[in-house]
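Participant: Mind looking at a prediction? Sequence and model below.
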Amino acid sequence: MNALTIDSLQFRWPNNTKPVLDLASFALAPGESVLLKGPSGIGKSTLLSAIAGVINIPANAVSVAGTDVGTLSGSARDRFRVDHLGLVFQVFNLLPWLNTLDNVLLPCRFSKRRRDRAGHDPQETARALLTDLGLGDPALMSAPASTLSVGQQQRVAAARALIGAPELILADEPTSALDEATKHQFVELLMRECAQAKAALLFVSHDTGLEQHFDRVVDFRDLNRGASA
Ligand SMILES: Nc1ncnc2c1ncn2[C@@H]1O[C@H](COP(=O)(O)OP(=O)(O)OP(=O)(O)O)[C@@H](O)[C@H]1O
């Protein structure tokens, strides 16, 4: 079963005359990593919102791990998102008043499935993930997220996305605030952790310098007929 299947997806923002998304077909195999590239404003983030069930899309257009996202009600979509998806966005959305470890454990608090898949001791799994991502210092793990650097917050967001092995990780420009060396290091760490969790990765970036890290590179303009409309 594919981690992601898209079949005839159209989406138009209210007040727009043309659809911003018009995709014939696209799929991600389990564990596959894809870099989705393309210029600003052509609908890459909108596509991630469609896959994550953040915007309303029709039935039979997007399937994540075998579930048709467009058929889910609002609350079922919220549940589905935390059960099956890991999200790493430009703004990391960590809860500033929670410490690093508790931020990583958030999906396990909201999803029994993620908790069950996070091993017999999710706290231990969270610590191991943070250590793998270079945040093994106990002082960092117990520090409020608001006191971490941008690069550290980004790795916490990656650990939070990965805990409990969701089938699909969606990443939207997560390296845009990083310098060249840190950027490559972060992508390598993310790929390694995705491989361990057997999670597929859809990674949106303008940065063509990152292409070498991915199984496949897709130009959004080739995928999306809406982009040139
Ligand atoms: N909430 C919204 N309401 C209405 N229009 C929107 C909304 N979000 C995005 N758009 C429009 O959809 C189009 C695509 O935007 P989107 O953010 O998906 O592009 P992008 O390729 O991800 O750009 P970037 O690389 O700059 O993030 C733009 O024309 C944008 O103005």
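Facilitator: Thanks, I have it.
Participant: rest of the way, CA atoms for contacts and neighbours
Facilitator: OK.
Participant: State the distance from the closest residue to Glu167 other than its chain neighbours to Asp172.
Facilitator: Nearest residue to Glu167 in three dimensions, chain neighbours excluded: Ala199, at 4.7 Å (Cα to Cα, 6 or more residues apart in numbering). Distance, Ala199 to Asp172, by Cα to Cα, to the nearest Å: 16 Å.
Participant: Can you check which helix is longest in this structure?
Facilitator: helix 180-197 (DSSP state H).
Participant: pLDDT wise, what is the residue nearest to Glu193 when sequence neighbours are not counted at?
Facilitator: Distance criterion Cα to Cα, 6+ apart; nearest residue to Glu193, sequence neighbours excluded, is Leu162 at 7.3 Å. Note on Leu162: pLDDT of 94.
Participant: Pull the residues that contact the worst-scoring helix or strand of the chain on mean pLDDT.
Facilitator: The weakest-scoring helix or strand in the chain, judged by mean pLDDT, DSSP states H and E, is helix 180-197 (a mean of 88). By Cα atoms under 8 Å, 6 or more residues apart in numbering, the residues outside helix 180-197 that reach it are 31, 33, 132-133, 151, 155, 158, 162, 165-166, 169, 175, 200-201, 210, 213.
Participant: From these, keep the buried residues only.
Facilitator: Those of the contacts of helix 180-197 that meet the buried threshold are 31, 33, 132-133, 151, 155, 158, 162, 165-166, 169, 175, 200-201, 210, by 16 or more other Cα atoms under 10 Å.
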